[in-house]
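**Q** Everything below, folded, please.
(2 chains)
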Amino acid sequence: MRIGVLAVQGAFAEHIAALKRLGADAFEIRQLQDISQDFDGLVLPGGESTVMNKLLHDLGLFQPLKAKIEAGLPVLGTCAGMILLAKSVEGGIPCFGTLDMTVKRNAYGRQLGSFVCKEQFAGQEITMRFIRAPYVESVENSTEILAEHGGKIIAVRQGNQLATAFHPELTEDTAVYDLFFKSLAKS
Amino acid sequence: MNEQYQLNKELAQMLKGGVIMDVTTPEQAEIAQAAGACAVMALERIPADIRAAGGVSRMSDPAMIRSIQEAVTIPVMAKCRIGHFAEAQILEAIEIDYIDESEVLSPADDVYHVDKTKFRVPFVCGAKDLGEALRRIAEGASMIRTKGEPGTGDIVQAVRHMRKMNSQIRHIVSLSGDELYEEAKQLQVPYELVKQVHESGRLPVVNFAAGGVATPADAALMMQLGAEGVFVGSGIFKSGDPKKRASAIVQAVTNYQDAKLLAELSSGLGEAMVGINEQEIAVLMAERGK
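**A** Coordinates of the predicted model:
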């Protein structure tokens, strides 16, 4: 199981460490030549979505990665990564636009609005860390809601695309990765 | 550990691999965001101008900071004077994303720093060596940066600080458990933090480079020396083509090990900021607050 982690900016090292703890083989994607190898899944980490969006274009990574996601490459987007996947972004510009949902950026306000909570995800209660996080305003078509907090959607899935507004890489709970690994096994 | 402090350290983790740019107007903030800044530092005058103007330098007008908060969606930071907890309270009241308790401004207290544990809003502080870094962390800083000489365009001090910090960390890792108590005494820091460094081989918080970064090569140098991201102050908006230079520095931080790409990024950037050598400086800002 080989997983590429977008490493142009943000908390990519945390994802790589978490993936390795769970026995996956993870590598950094910093430029075009990094994706010339074969891989089974893609992680879009937390960070600043505006920065990642710009660097994806500047480094020529945007089109090839979008094509892979559209072709069914399993992808996990967390926080900023969720924004990169969204078809429509309130307060921002869509990037890949492959997941049928509208997300709201900085939906909980500034850093003083960052928080931790426990909610149900895929049948179990897990710790969720939100840092200047987005939430999902609405979903369309086949997008499935996986978790909610305070009446807001915070995790979704559509086909092989999985997205969370919180940071599974910052906790010990593995439920999000487990679900991601299931989509890897299927494809 | 206090939950908010953990979240504040994690916000710094989200900034890693990014460039934080000094801006003085909403227009500059928009340019910085479009060029790929992961955060902006809102201040009335950039360090090079503070240095040129002389006199007492204070926290910026909250109205000016607010106008920048409204102009961009990325995190906005602002500076308070060393030890000026009332300025810090004001910055917290306007919901700044990060406070930089900064030696660039005139110190308000020549003994005490702000007790940052009293705040919910995160703080970044400068440090020239590991002792300074751990003292700031003990006071509640959730992010550290080098204290390279601000507004000079000279990278030498930032390099010195980063090398010293890393060499001290390697030394602590090499010590045996019973030697850590004496090391804590020497560094004038809490034993618990020394133990944490000994076990993890790194600072307990994210560490950025700051001071004197003027070119993509400077940014790449600091990243290769172990910085987790870069602050660029005067280097961008004191240069000939801020947009192009900002964007080049952002890319240089992502691909800091690719010399071919760095060569491309360094080409045709126009004039860099003029800069001052450390021997020519009257006020060493890095000596403020230890």
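**Q** Can you pull out the low-pLDDT segments for the stretch 1-150 of chain B?
**A** Where the stretch 1-150 of chain B drops to pLDDT under 70, the residues are B:1.
**Q** Now do the strands in it.
**A** B:19-23, B:39-42, B:76-81, B:98-102, B:123-127, B:143-146 (DSSP state E, counting those that start in this stretch).
**Q** Just send these back as CSV, with distance to A:L42 and mean neighbour count too.
**A** (Glycine included, C-beta is placed from N, CA and C.) Output for the strands of the stretch 1-150 of chain B, formatted as CSV (distance: least, CB to CB, whole Å; neighbours: other CB atoms under 10 Å in any protein chain shown):
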stretch, distance to A:L42, mean neighbour count
strand B:19-23, 24, 28
strand B:39-42, 26, 28
strand B:76-81, 31, 27
strand B:98-102, 30, 26
strand B:123-127, 31, 28
strand B:143-146, 29, 29
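**Q** Could you dump those strands into JSON lines and include distance to B:A209?
**A** JSON lines is the format used below for the strands of the stretch 1-150 of chain B (distance: least, CB to CB, whole Å):
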{"stretch": "strand B:19-23", "distance to B:A209": "10"}
{"stretch": "strand B:39-42", "distance to B:A209": "14"}
{"stretch": "strand B:76-81", "distance to B:A209": "15"}
{"stretch": "strand B:98-102", "distance to B:A209": "14"}
{"stretch": "strand B:123-127", "distance to B:A209": "11"}
{"stretch": "strand B:143-146", "distance to B:A209": "5"}
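**Q** Now tabulate these in CSV and tack on distance to chain A.
**A** Formatted as CSV, these follow (distance: least, CB to the nearest CB, whole Å):
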stretch, distance to chain A
strand B:19-23, 8
strand B:39-42, 8
strand B:76-81, 8
strand B:98-102, 7
strand B:123-127, 11
strand B:143-146, 12
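**Q** Which of the ones you listed sits closest to B:G275?
**A** strand B:19-23 (15.4 Å; CB to CB).
**Q** List the buried residues of stretch A:24-36.
**A** A:24, A:26-27, A:29-31, A:34-35 (16 or more other CB atoms under 10 Å in any protein chain shown).
**Q** scratch that, stretch A:144-154
**A** A:146-147, A:149, A:153-154.
**Q** quick revisit: tell me the two of the buried residues of stretch A:24-36 that are most distant?
**A** A:A24 and A:Q31 (21.7 Å).
**Q** Quick one: find the helix or strand in chain A with the lowest mean pLDDT.
**A** helix A:175-186 (a mean of 93; mean pLDDT, DSSP states H and E).
**Q** quick one: that one to chain centroid distance?
**A** Relative to its parent chain, helix A:175-186 has a centroid offset of 13 Å by CA atoms, centre = their mean, to the nearest Å.
**Q** tell me the phi and psi of the spatially most central residue of chain A?
**A** Centroid-nearest residue in chain A, with CA atoms, centre = their mean: A:G77, separated by 0.7 Å. With angles defined as degrees, to the nearest 10, A:G77 sits at phi -120, psi 130.
**Q** need the residues of the stretch 1-150 of chain B near chain A, please.
**A** Residues of the stretch 1-150 of chain B that fall close to chain A, judged by CB under 8 Å from any CB of the partner chain: B:3-4, B:7-8, B:10-11, B:13-18, B:33-39, B:69, B:73-75, B:92, B:95-98, B:120-122.
**Q** can you rerun that using 7 Å?
**A** For the stretch 1-150 of chain B, the residues in contact with chain A (CB under 7 Å from any CB of the partner chain) are B:3, B:7, B:10-11, B:13-14, B:16-18, B:33, B:36, B:38, B:73-75, B:95, B:97, B:120-122.
**Q** distance of the residue lying farthest from the centre of chain B from B:K9?
**A** Each residue of chain B has a distance to the centre, and by CA atoms, centre = their mean the biggest one is for B:D178: 33.2 Å. B:D178 sits 29 Å away from B:K9, going by CB to CB, to the nearest Å.
**Q** Could I get the full set of helices for chain A?
**A** For chain A, the helices defined by DSSP state H occupy A:12-21, A:49-58, A:62-70, A:80-85, A:175-186.
**Q** From B:H171, how far off is the residue at the greatest distance from the centre of chain A?
**A** In chain A, the residue that sits farthest from the middle, by CA atoms, centre = their mean, is A:L112; the gap is 22.7 Å. Per CB to CB, A:L112 is found 38 Å from B:H171.
**Q** Also B:V104?
**A** Distance from B:V104 to B:H171, by CB to CB: 30 Å.
**Q** List, one by one, the residues from chain A near chain B.
**A** A:8-11, A:14, A:30-31, A:46-48, A:50-51, A:54-55, A:58, A:91-92, A:105-106, A:110-112, A:114, A:116, A:129, A:131-132, A:170.
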